[in-house]
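Q: sequence first, then the predicted structure:
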Amino acid sequence: MPEAEEGRETGPCRRCLVTRVSAEKGTMIRFVVGPEGDVVPDLAARLPGRGMWLSARRDVLETAARRGVFARAARMRVDVAADLAERVVAGLRLRIGEGLGLARRAGQAVAGFDKAREWLLAGRIGLVVAARDGSADERARFLAGAKAAIAVVDPLSGRELGRIFARERVVHVALAPGRLAAMIAIDAERLAGIEGREAARSGNAT
């Protein structure tokens, strides 16, 4: 089947141009060809033009760039930036930061060990965002006593989380269940895939 026909953007799933595996589109990375003929990451999947979808893995992105996959899918010559993976990483980190900021302003997120742990013990947490550079022991202590397994992601450093919450450093952020928590969890998983590391873990209930 021609790739142009495969690329019709209907339904909830898309097929990766490299692996040929179909997945929920929200878990993948969409690219389009920009006005100057360059390949542009469309992380929100809203830019005009036919989308070119890849699994959110660094090796997949590197293979697509190396083997001319974008040009074949677009049926034209395209410019693939050498730092395309880094642009995707930067864009996802920005989206996560903006999502956390929205959650904070909406009262759907709290930061700091004590406040976040209050939510945890009350069963109010839909997602924990932990500092990437936080200690494993402190994370285990924070999660102890949870009423159920809780998804934990660590896309940002403590200083990056601190800037979002107007502090010098933040190690634990608790998010209420809902759309923002789900969006941040997916973006953190996509980021981990492009960075080539483990995406998320669940805190064990005790």
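A: Perfect, I can see it now. Numbers count the residues shown, from 1 in each chain.
Q: which residues of the protein score low on pLDDT?
A: Within the chain, the stretches with pLDDT under 70 are 1-9, 198-206.
Q: can you show me the helices along it?
A: Counting by DSSP state H, one finds helices in the chain at the ranges 3-6, 58-66, 69-74, 84-105, 113-121, 136-143, 158-164, 179-195.
Q: list the helices and strands the third one packs on?
A: Helix 69-74 is packed against strand 28-33, strand 52-55, with contacts defined by 3 or more C-beta pairs under 8 Å, 6 or more residues apart in numbering; DSSP states H and E. C-betas here are computed from N, CA, C, even on glycine.
Q: those into CSV, with extra columns for mean neighbour count and distance to V129?
A: CSV is the format used below for the helices and strands packed on helix 69-74 (neighbours: other C-beta atoms under 10 Å; distance: least, C-beta to C-beta, whole Å):
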stretch, mean neighbour count, distance to V129
strand 28-33, 24, 21
strand 52-55, 24, 23
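Q: which one of those strands lies nearest to I125?
A: Nearest of the helices and strands packed on helix 69-74 to I125, taken as C-beta to C-beta: strand 28-33 at 26.8 Å.
Q: what comes into contact with the closest one?
A: Residues from elsewhere that reach strand 28-33 (C-beta atoms under 8 Å, 6 or more residues apart in numbering): 14, 16, 39-43, 45, 47-56, 61, 70, 74, 76, 78, 88, 190, 194.
Q: before we move on, the earlier item: any idea which of the helices of the chain is most buried?
A: Per residue and on average, the most neighbours among the helices of the chain fall to helix 179-195, with a mean of 21 (mean count of other C-beta atoms under 10 Å).
Q: pull the distance from that one to the chain's centre.
A: Offset of helix 179-195 from its chain centre (C-alpha atoms, centre = their mean, to the nearest Å): 2 Å.
Q: and stretch 92-110, by the same measure?
A: Remark: stretch 92-110 is offset 13 Å from the chain centroid, using C-alpha atoms, centre = their mean.
Q: over to stretch 57-70?
A: Offset of stretch 57-70 from its chain centre (C-alpha atoms, centre = their mean): 19 Å.
Q: now do it: everything it contacts.
A: 16-19, 29, 31, 33, 39, 52, 54, 78, 80, 84-85, 88, 193-196.
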